[in-house]
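# okay, sequence plus prediction incoming.
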Amino acid sequence: MTEVTPTCDPRAETAQPGARARTATLLVGMVVFALAVLVGFPALKGEFVGGDDHRLVLNHVLVNQPSIRHAIELFTIVHRDLYQPLPLLTFQLEFVVAGWFDLFADGVERGAWLFHFDNMWLHGVNALLVGAVLTMMTRRRVAEGEAGDAFLAVGAESQTAAQAVAWTGALLFAVHPLQVEVIAWINGRMMLLSTMFALCAMLAFGRWLERKSGAAAVLTVLFVVLSAISKVRVGLTVLLFLVPLAQKRKLDGRFWLVWSICTVLVGGFAILNLWTTAEANFFAGGAEHLQGPTPVRVLLALASYFDHFVWPVGLSSYYPAPPRVAWGDPATVGAIGTVLVALAILGWFSIKSVICRLGAVWFLAGIMDTLPFFPARNVLAADRYMYLPIIGLVWVVGALGYALYRRWAGRRSASEPAAAAAIAAIVVIPLLVAIGWRVAESYTTAHAQALRIATLFPREPRVWERLGWTYYRRGEYDKAIAAGERELVHDEPDIQSGAHQLIAMAEFKLGNHSIAFDLLTRTIEQDPESGLPYFRMATVHEELGNFEQAMRFYQRAVALAPQDTPTIRRLARVYRRLDRIEDARSMYRKALENNRHDVEAVIGLAELAIETGTADAYEAAEAELTRLLQDVPSDSRLSGNLEMIRLLRASSDENLRLASQAFIALSDGRYSTAAERVERLCADAAAEPARKWLIAQLERHDQERQGDPWTFGLSARLLLADGHRDAADMALGILDAFCKEDGCREYGRKLRGMIPDQEPSLP
């Protein structure tokens with residue numbers, strides 16, 4: 001019988017538990033990552049929602065026209081009211097990928113899933129980083145023990161305790177519904193990236209404190225900068241200070257040097273963003289519209305965050321700030337009670353446990369710079385502001401949960417607490433994910449977002465008006481009118497004006513023109529210092545062909561809102577309809593002063609140059625088109641106009657200029673002018689080359705604006721002039737199929753009367 005000798009190698013005894021721990025951590029990390037990604041799953045069907053998604057992503061030339069030069073330029077400008085170039089750079093890279101795979105072929109909204117998908121996996125990465133950071137900051141405290149620490153001094157094996165506390169917190173961070181806004185809103189990228197790099201900075205700082213390596217110090221500073229240029233985190237300096245406190249490190253001179261460098265960098269970027277926000281007049285706007293004691297607003301915001309952390313229902317992309325607050329308001333009294341209870345609980349936990357003290361400081365440090373000490377926007381709170389601060393609270397919950405589990409395990413059989421923990425996870429996690437999915441649905445479209453806000457805050461001014469405009473854009477004019485009428489319960493003149501504008505525009509679309517004009521006249525009386533009523537009055541006059549009246553209202557709108565580029569361009573277009581060429585040119589130049597990347601303004605100037613036909617105008621237009629094509633190389637309208645300008649500069653053919661003018665008039669919707677220019681071309685036998693050139697341009701126009709019947713009407717007239725009856729007859733057939741207005745039908749009948757009896761050959 002062979003005797004089996006036991007193994008005496010101590011490495012074999014320790015290797016297996018260590019391997020099991022690493023395997024368990026890997027599995028837990030995979031689950032946390034998967035759940036974090038799953039929370040944002042409904043966002044994959046979402047669109048570009050909200051103003052910032054359009055201003056900073058979809059319509060930002062430096063973003064949607066990717067190039068090395070544009071990537072560099074992103075780091076040299078302010079982006080609306082903040083300096084945050086890194087997220088915009090990631091958006092630019094996504095446009096590169098979208099171009100590779102032609103994701104926008106069926107419309108830009110069809111490619112929005114790529115931007116949402118990247119937000120989802122970034123949240124997953126952040127959840128893993130939360131687990132790693134909390135493990136780093138919990139491990140040594142648990143290993144060395146804390147005298148009198150009711151949460152940690154429980155006789156647990158240190159590695160298991162640290163991992164349990166940290167990954168419980170990471171799991172809650174991953175699935176809490178407060179995180180959904182950052183994931184589902186494309187511009188939540190700012191928060192995702194700044195949090196990711198802040199956590200990386202803490203990990204690098206912890207490694208540096210352990211080994212004092214130069215590489216770790218450099219990485220710490222680098223991650224601080226990357227976090228700041230994504231979205232500045234003023235509380236990051238406090239979070240870095242928590243790392244040595246959690247690890248019980250001595251604060252020597254080298255610590256103060258690295259920490260001071262990071263603090264100066266964070267402070268510098270914070271000052272820069274304060275300055276840019278002030279320059280954008282957000283502080284002035286907040287001070288003008290929000291009245292009452294500042295501490296009351298801070299208490300209301302804090303109470304909102306505590307409420308939604310504990311009971312995450314009623315979440316929204318918008319929490320309206322009350323215009324006036326006072327200490328005696330019922331809402332203030334309730335907020336004081338909520339904040340006192342929450343701070344009392346945190347305080348009691350902090351007395352019992354150092355982890356809870358660190359977690360409470362983390363939360364307060366992270367949330368402090370978002371509280372309305374200086375109200376810059378008309379919002380009370382925002383879910384996205386909790387993305388980094390919530391880590392402190394989930395850390396506290398993780399420590400509390402593990403302490404309760406260990407105490408129960410010490411008094412019961414091993415299976416009971418484990419079973420209870422499993423049941424709690426099975427119930428709570430799917431519930432939180434389900435709530436998160438419901439919230440995410442409200443971020444998929446502008447209509448869904450407005451509907452949720454109106455449902456949650458039905459008595460808040462302007463929420464029904466905003467919802468009504470989404471109905472208007474969907475063509476549901478009756479619902480838009482109903483929403484506008486609900487807004488009329490508010491007595492403020494500017495709010496009533498907005499509601500009446502919505503109702504007026506919907507009535508106009510329904511064909512009730514007299515009602516629309518009466519309501520728009522009333523809106524001007526209600527809010528005479530706003531440019532919007534004048535703008536909307538101008539648009540209905542323009543649509544009806546009343547260009548003189550439209551011009552006067554556009555002029556007033558521009559005077560009241562001189563930075564509103566779309567209104568300036570509309571006024572330029574009306575000037576062109578009235579043959580006020582120099583006035584139109586002046587408006588286009590004003591639009592370019594507001595935005596040097598304004599494609600429509602540059603095209604307008606080029607078209608005016610073609611209409612006037614002077615050498616100076618050609619030269620100036622060519623220079624502007626060439627400049628903008630460097631920024632927007634994919635815009636076919638720019639390249640087409642540049643080609644046209646160069647062709648005209650090289651030729652003295654007056655017929656070619658007539659053809660160009662006809663094409664421009666068609667593009668601008670001036671159909672009678674286009675028809676008149678074409679008729680002049682057809683009357684000149686020598687204009688055949690110009691007619692052929694124009695037919696080629698009309699084919700290109702049809703590819704870009706399919707279904708415009710005048711394209712086929714003008715083509716038919718040109719074909720008739722050159723004797724191509726069959727081709728003209730086919731073009732007129734398409735004209736008849738698409739024609740819906742009297743002028744177009746009359747033009748078609750006129751052309752059919754010109755078709756001769758003979759059978760000419762096809763071109």
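Received it, and whenever you're ready, just let me know what you need.
# give me the neighbour count for Gln563.
11 (other CB atoms under 10 Å). C-beta: built from backbone N, CA, C; applies to glycine.
# gap between it and Arg233?
31 Å (CB to CB, to the nearest Å).
# do Arg384 as well
Computed as CB to CB, the Arg384 to Arg233 distance reads 13 Å.
# ok, these two, which is more surrounded?
Neighbours per residue, other CB under 10 Å: of Arg384 and Arg233, the larger number sits with Arg233, 27 against 22.
# residues contacting that one?
Listed by CB atoms under 8 Å, 6 or more residues apart in numbering, the contact set of Arg233 reads Ser194, Thr195, Ala198, Ser227, Leu239, Val266, Gly366, Asp369, Leu388.
# just the element for the fifth one, please.
Secondary structure from DSSP states H and E places Leu239 in helix 236-247.
# which residues are contacting that helix?
136-138, 140-141, 198, 201-202, 205-206, 209-210, 220, 224, 227-228, 233, 249-251, 255, 259, 262-263, 266-267, 358, 361-362, 365-366.
# can I get the CA coordinates of that helix in CSV?
What follows is helix 236-247, C-alpha atoms only, in CSV (Å, rounded to 0.1, in the frame of the first residue of the first chain):
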residue,chain,number,x,y,z
LEU,A,236,-11.6,66.2,-7.4
THR,A,237,-8.9,67.8,-5.2
VAL,A,238,-10.8,66.7,-2.1
LEU,A,239,-11.2,63.2,-3.6
LEU,A,240,-7.5,63.0,-4.2
PHE,A,241,-6.9,64.0,-0.5
LEU,A,242,-9.2,61.2,0.6
VAL,A,243,-6.9,58.6,-0.9
PRO,A,244,-4.1,58.9,1.6
LEU,A,245,-6.6,59.3,4.4
ALA,A,246,-8.2,56.1,3.5
GLN,A,247,-4.9,54.4,3.2
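# so what's Ala665 up against?
Contacts of Ala665 (CB under 8 Å, 6+ apart): Tyr671, Thr673, Ala674, Arg677.
# SS state for it?
helix (DSSP: H, G, I helix; E, B strand; the rest coil).
# give me the buried entries from the contacts of Arg233.
Among the contacts of Arg233, the ones that count as buried by 16 or more other CB atoms under 10 Å are Ser194, Thr195, Ala198, Ser227, Leu239, Val266, Gly366, Leu388.
# columns distance to Phe117 and pLDDT on top of the residues you listed, output as TSV?
Output for the buried ones among the contacts of Arg233, formatted as TSV (distance: CB to CB, whole Å; pLDDT from 0 to 100):
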residue	distance to Phe117	pLDDT
Ser194	20	98
Thr195	18	98
Ala198	23	98
Ser227	23	98
Leu239	29	97
Val266	31	97
Gly366	27	96
Leu388	22	97
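# now render these as CSV, adding secondary structure.
Converted to CSV, those look like this (three-state DSSP):
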residue, secondary structure
Ser194, helix
Thr195, helix
Ala198, helix
Ser227, helix
Leu239, helix
Val266, helix
Gly366, helix
Leu388, coil
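# adding distance to Ala480, write these out as CSV.
Formatted as CSV, the buried ones among the contacts of Arg233 follow (distance: CB to CB, whole Å):
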residue, distance to Ala480
Ser194, 38
Thr195, 39
Ala198, 43
Ser227, 43
Leu239, 47
Val266, 46
Gly366, 41
Leu388, 39
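# farthest pair within these?
Using CB to CB, the buried ones among the contacts of Arg233 span at most 14.2 Å, a distance reached by Thr195 and Val266.
# report how many residues lie close to Arg627.
Residues near Arg627, counting by other CB under 10 Å: 12.
# show me the contacts for the residue nearest to Leu172 when sequence neighbours are not counted.
Distance criterion CB to CB, 6 or more residues apart in numbering; nearest residue to Leu172, sequence neighbours excluded, is Val394 at 4.0 Å. Val394 sits next to Val130, Thr168, Gly169, Ala170, Leu172, Phe173, His176 when contact means CB under 8 Å, 6+ apart.
# Phe104 versus the fifth one, what's the distance?
Same thing as Leu172. On the measure of CB to CB, Leu172 and Phe104 end up 37 Å apart.
# go on, the third one?
Applying CB to CB, one obtains 39 Å for the distance of Gly169 from Phe104.
# need the contacts of Arg233 in JSON lines with distance to Ala422, can you?
As requested, these are exported to JSON lines (distance: CB to CB, whole Å):
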{"residue": "Ser194", "distance to Ala422": "35"}
{"residue": "Thr195", "distance to Ala422": "30"}
{"residue": "Ala198", "distance to Ala422": "33"}
{"residue": "Ser227", "distance to Ala422": "37"}
{"residue": "Leu239", "distance to Ala422": "33"}
{"residue": "Val266", "distance to Ala422": "42"}
{"residue": "Gly366", "distance to Ala422": "31"}
{"residue": "Asp369", "distance to Ala422": "39"}
{"residue": "Leu388", "distance to Ala422": "30"}
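# can you tell me which of those is closest to Ile610?
Ser194 (48.0 Å).
# coming back round to it: from the contacts of helix 236-247, list the buried ones, please.
136-138, 140-141, 198, 201-202, 205-206, 209, 220, 224, 227-228, 233, 255, 259, 262-263, 266, 358, 361-362, 365-366.
# among those, name the ones in helices.
136-138, 140-141, 198, 201-202, 205-206, 209, 220, 224, 227-228, 255, 259, 262-263, 266, 358, 361-362, 365-366 (DSSP state H).
# after the lowest-mean-pLDDT helix or strand in the chain comes which helix or strand?
Every helix and strand in the chain was compared by mean pLDDT, DSSP states H and E; the lowest is helix 282-289, with a mean of 58. Downstream of helix 282-289, the first helix or strand assigned by DSSP H and E is helix 294-310.
# any low-confidence regions in the stretch 651-763 of the chain?
Applying pLDDT under 70 to the stretch 651-763 of the chain picks out residues 756-763.
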